[in-house]
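Participant: Sequence first, predicted coordinates after that:
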Amino acid sequence: MAQSCPTVKIERLLLSTDGSEFGEGAIREAIKLAKTCSSKLFAIYVIETNPEYETIAPQLVEKAEKEARQHLEAVKAMASKEGVECEIIARQGEDPFKYIVEEAAKNKVSMIITGRRGRKGLKRLMMGSETAKIIGHAPCNVLVVPRAANIEFNRIIVATDGSKYSEAAVREAIGIAKRCGSTLIAISVVPSETASPFDIVHTEMMKETIVEKELKMAECTIKDLKAASEKEGVPVTGFIYSGKPYEAIINTAKEKKADLIVVGSHGRTGIDRLLMGSVTERVIGLSECAVLVVKS
């Protein structure tokens with residue numbers, strides 16, 4: 001575990017938990033982070049229900065309330081054992097993410113920490129829908145922690161495409177690396193669709209022009225990132241790949257044994273109205289390590 005707090009202004013953290021096995025990593029890392037940063041930890045459990053269900057099966061709602069309270073008390077006890085102040089919050093209603101986002105704003109937290117899938121998560125899905133909604137609507141950064149992930153801030157991967165979203169991710173990654181003495185690895189990926197844009201519209205000459213333009217943009221992005229990083233005294237290694245961006249990010253993280261990937265919520269080609277970009281969603285869904293999604 002890093003001896004230094006990885007980021008500033010992190011007085012308050014919000015842990016979203018539902019008592020499922022998928023949230024065990026988030027609980028562990030939230031308590032570790034709160035301990036390192038001397039942060040106050042809020043732990044929220046939202047029981048998904050609705051007025052009709054409450055009328056038809058009040059005994060089941062009561063049972064769920066009891067289980068939620070027991071789980072939150074157990075989290076609070078774990079935090080207390082590590083010397084972390086923990087306030088527990090139990091809510092119930094439809095659309096759990098709304099309560100989580102509401103509590104994040106109300107308590108002015110700097111980061112939401114959550115598991116990749118929730119109790120209702122289907123194994124065939126890469127990421128739970130509530131996690132996606134939390135990321136999409138959160139007023140702050142979101143740290144998604146797979147069950148077995150262990151964050152030490154030793155090696156950090158930051159993915160950038162030069163968008164305003166990835167610029168925010170780069171600033172955050174440099175800051176974390178500086179405070180924790182991490183090894184920082186930056187990557188930019190020229191999408192394979194750009195490298196091989198075979199269709200009836202583009203002539204071969206146009207394809208070469210597009211690829212050349214994308215490569216030049218990636219080179220400039222990495223060059224700017226290196227300059228910003230070295231200005232902060234943080235050495236960085238930069239790579240430019242071609243292919244599917246999410247695969248390049250995941251494979252690099254595995255190869256370099258990264259324990260954290262930092263990404264923006266959207267990419268350069270992302271659509272703002274979507275909860276998050278498709279690359280970010282796939283990276284979260286497939287990563288073996290934790291992923292910090294930085295909101296711009």
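Facilitator: Right, received. Where do you want to start? Numbering: from 1, shown residues only.
Participant: Count the residues that sit near E152.
Facilitator: Other residues near E152 come to 13 when the count uses other Cβ atoms under 10 Å. All C-beta spots, glycine's among them, are computed from the backbone N, C-alpha and C.
Participant: Could you tell me whether it really is in a helix?
Facilitator: No. Assignment of E152 by DSSP: H, G, I helix; E, B strand; the rest coil gives coil, placing it outside any helix.
Participant: which residue packs closest to I88, ignoring adjacent ones?
Facilitator: Residue nearest to I88 in three dimensions, not counting chain neighbours: L72, with 3.9 Å by Cβ to Cβ, 6 or more residues apart in numbering.
Participant: Report the contact partners of the one you found.
Facilitator: T17, A43, Y45, I88, I89, A90 (Cβ atoms under 8 Å, 6 or more residues apart in numbering).
Participant: what does S182 give?
Facilitator: S182 neighbours (Cβ under 8 Å, 6+ apart): A2, F153, N154, R155, I156, I176.
Participant: Got a ChimeraX select line for the buried ones in those residues?
Facilitator: Of the contacts of S182, the buried ones can be selected in ChimeraX as follows, counting by 16 or more other Cβ atoms under 10 Å:
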select :2,153,155,156,176
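Participant: pretty sure Y241 is in a helix, no?
Facilitator: No. Checked against three-state DSSP, Y241 lies outside a helix; its state is strand.
Participant: For D95, see how far away it is.
Facilitator: Per Cβ to Cβ, to the nearest Å, Y241 is found 38 Å from D95.
Participant: and if you look at E29?
Facilitator: 25 Å.
Participant: Compare these two (neighbour count), which wins?
Facilitator: E29 (20 against 13).
Participant: For the more buried one, which residues are in contact?
Facilitator: By Cβ under 8 Å, 6+ apart, the contact set of E29 is I113, L143, V145, A149, N150, I151, A290.
Participant: JSON lines for the residues you listed, including neighbour count?
Facilitator: Listed next are the contacts of E29 as JSON lines, based on neighbours: other Cβ atoms under 10 Å:
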{"residue": "I113", "neighbour count": "28"}
{"residue": "L143", "neighbour count": "22"}
{"residue": "V145", "neighbour count": "28"}
{"residue": "A149", "neighbour count": "21"}
{"residue": "N150", "neighbour count": "14"}
{"residue": "I151", "neighbour count": "21"}
{"residue": "A290", "neighbour count": "24"}
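Participant: what about the strands in the stretch 101-250 of the chain?
Facilitator: Counting by DSSP state E, counting those that start in this stretch, the stretch 101-250 of the chain has strands at residues 111-115, 141-145, 155-159, 183-191, 236-243.
Participant: got the angle for the longest one vs strand 236-243?
Facilitator: Counting by axes from the mean of the first three to the mean of the last three Cα atoms, to 10 degrees, strand 183-191 points 20 degrees away from the direction of strand 236-243.
Participant: partner strands of strand 183-191, parallel or antiparallel?
Facilitator: Strand 183-191 pairs in its sheet with strand 155-159 (parallel), strand 236-243 (parallel), by DSSP bridges.
Participant: okay, and for this structure, where does confidence drop off?
Facilitator: 1-3, 118-128, 193-210, 267-276 (pLDDT under 70).
Participant: so which helix or strand takes in V61?
Facilitator: Element membership for V61 (DSSP states H and E) is helix 58-81.
Participant: hang on, the earlier thing: which of the strands paired with strand 183-191 sits closest to E219?
Facilitator: For E219, the closest of the strands paired with strand 183-191 is strand 236-243, at 6.5 Å, according to Cβ to Cβ.
Participant: and that closest one, C-alpha only, in CSV?
Facilitator: Provided in CSV are the C-alpha atoms of strand 236-243 (Å, rounded to 0.1, in the frame of the first residue of the first chain):
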residue,chain,number,x,y,z
VAL,A,236,6.8,8.4,-17.9
THR,A,237,7.1,5.8,-20.6
GLY,A,238,4.9,6.4,-23.6
PHE,A,239,3.6,3.9,-26.2
ILE,A,240,1.6,4.2,-29.3
TYR,A,241,-0.4,1.2,-30.5
SER,A,242,-2.7,0.5,-33.3
GLY,A,243,-5.7,-1.8,-32.9
